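[1] Predicted model and sequence follow; I will ask about them next.
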Amino acid sequence: MDWLWHILVEIAIGAICGFAASKLMKVNGKSLLFYIIVGVIGGAVGGVLGNLIKIGGGWVMGIIFSIIGSCLVVWLYKKLFKK
């Protein structure tokens, strides 16, 4: 049951980071699913970036890198699907 709680917390944090990145990058009117997907993918991207530059550890740095990674994902989304 512990793994289920961990997954739910990761999804919630991903949604918050995706929402924050979407607001920073001025993307409006998207669904909760969009924010979750952007946040989870952004968290993975941010984790890779943190490992590459050897910065990490702790919740605060994880959230900061998740938001940075989410901003990169939103930027890529805007470039690929520009209306």
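    Ah, there it is. Numbers count the residues shown, from 1 in each chain.
[2] Against which helices or strands is whatever helix or strand Gly46 lives in packed?
    Here Gly46 sits within helix 32-52, counting by DSSP states H and E. Judged by 3 or more C-beta pairs under 8 Å, 6 or more residues apart in numbering; DSSP states H and E, helix 32-52 is in contact with helix 2-24, helix 58-80. C-betas here are computed from N, CA, C, even on glycine.
[3] looking at those helices, which is buried most?
    Greatest average neighbour count among the helices and strands packed on helix 32-52 goes to helix 58-80 (a mean of 17), per mean count of other C-beta atoms under 10 Å.
[4] Show me what it is packed up against.
    By 3+ C-beta pairs under 8 Å, 6+ apart, helix 58-80 packs against helix 2-24, helix 32-52.
[5] Of all those, which one is nearest Trp59?
    helix 2-24 (8.9 Å; C-beta to C-beta).
[6] Can you give the distance of that closest one from its chain's centre?
    Chain-centre distance of helix 2-24: 7 Å, with C-alpha atoms, centre = their mean, to the nearest Å.
[7] Residues in contact with it: which ones?
    Applying C-beta atoms under 8 Å, 6 or more residues apart in numbering, the external contacts of helix 2-24 come out as 28, 30, 32, 34-40, 42-43, 63, 66-67, 70-71, 73-74.
[8] got the CA positions of that helix in PDB?
    The C-alpha trace of helix 2-24 is given here as PDB (Å, rounded to 0.1, in the frame of the first residue of the first chain):
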ATOM      1  CA  ASP A   2       3.000   2.300   0.500                       C
ATOM      2  CA  TRP A   3       3.700   2.300  -3.200                       C
ATOM      3  CA  LEU A   4       0.200   3.500  -4.000                       C
ATOM      4  CA  TRP A   5       0.600   6.400  -1.700                       C
ATOM      5  CA  HIS A   6       4.000   7.200  -3.300                       C
ATOM      6  CA  ILE A   7       2.500   7.200  -6.800                       C
ATOM      7  CA  LEU A   8      -0.400   9.400  -5.700                       C
ATOM      8  CA  VAL A   9       1.900  11.900  -4.100                       C
ATOM      9  CA  GLU A  10       4.100  12.000  -7.200                       C
ATOM     10  CA  ILE A  11       1.100  12.600  -9.400                       C
ATOM     11  CA  ALA A  12      -0.100  15.400  -7.200                       C
ATOM     12  CA  ILE A  13       3.400  17.000  -7.100                       C
ATOM     13  CA  GLY A  14       3.600  16.600 -10.900                       C
ATOM     14  CA  ALA A  15       0.200  18.300 -11.400                       C
ATOM     15  CA  ILE A  16       1.300  21.200  -9.200                       C
ATOM     16  CA  CYS A  17       4.600  21.600 -11.000                       C
ATOM     17  CA  GLY A  18       2.900  21.300 -14.400                       C
ATOM     18  CA  PHE A  19       0.400  23.900 -13.400                       C
ATOM     19  CA  ALA A  20       3.100  26.300 -12.200                       C
ATOM     20  CA  ALA A  21       5.100  25.700 -15.400                       C
ATOM     21  CA  SER A  22       2.000  26.400 -17.500                       C
ATOM     22  CA  LYS A  23       1.400  29.700 -15.700                       C
ATOM     23  CA  LEU A  24       5.100  30.700 -16.000                       C
END
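[9] That's all I had, so thanks and see you.
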